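S.K.: Quick one, structure for this:
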Amino acid sequence: MFRRKVKDPHGRKWTLGRHWMPRRKRFKKADLDFPDLPGIDGGDDLGIFAAIFLAIAAFFLSIFLVLLLFNVVALAIELSIVIIIGLVGLISRVVFRRPWTVFAKSGDQQIEYPVVGYFNSGRRIDELAEALSSGAQLPPGHR
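M.R.: Model (predicted):
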């Protein structure tokens, strides 16, 4: 995102810029709920020791899988989603001429202007900065 800061004659500070894409919503953390292990029926001592060993091994294996593999898979999925969104955004900007959102923000007041073309949006930001610093009224836009 490109940003530029200007001050109007009344002393208000304005931030001007353009948005590439809307803000990404954060995903909630995964709530992992493991099922209870079923009871192991056995009568001999070797079976009990084997069951305890298998339970301990299953515990450490599940911890390993959760801490390592789940994070790797989640990271790969999130990275692929970001790449796909970036490609779709690039195609929509270039091929379908989707407008950039140029904004002027001061405190709780924000005005947005849709502008087609990257260089046109830069020129629009410069025009708005000039108008604000000279004290001229901003043209109407979306609020």
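S.K.: worst-scoring helix or strand of the protein, pLDDT-wise?
M.R.: Taking mean pLDDT, DSSP states H and E as the measure, the helix or strand of the chain with the lowest value is strand 2-7, at a mean of 83.
S.K.: Partner strands of it, with direction?
M.R.: With DSSP bridges as the test, strand 2-7 is paired with strand 13-19 (antiparallel).
S.K.: Other residues contacting the strand it pairs with?
M.R.: Here strand 13-19 makes contact (CB atoms under 8 Å, 6 or more residues apart in numbering) with 1-8, 100-106, 115, 121-122, 125, 128-129, 132. Yep, even glycine has a C-beta here, placed from its N, CA and C like the rest.
S.K.: Would you map the strands across the protein?
M.R.: For the chain, the strands defined by DSSP state E cover 2-7, 13-19, 100-106, 109-115.
S.K.: of all those strands, which gets the most neighbours per residue?
M.R.: Highest mean neighbour count of the strands of the chain: strand 100-106, a mean of 20 (counted as mean count of other CB atoms under 10 Å).
S.K.: pLDDT averaged over that one, what's the number?
M.R.: In this model, strand 100-106 has an average pLDDT of 88.
S.K.: repeat for stretch 51-65
M.R.: Here stretch 51-65 scores 90 as its mean pLDDT.
S.K.: can you give me the offset of it from its chain's centre?
M.R.: Relative to its chain's centre, stretch 51-65 lies at 36 Å (CA atoms, centre = their mean, to the nearest Å).
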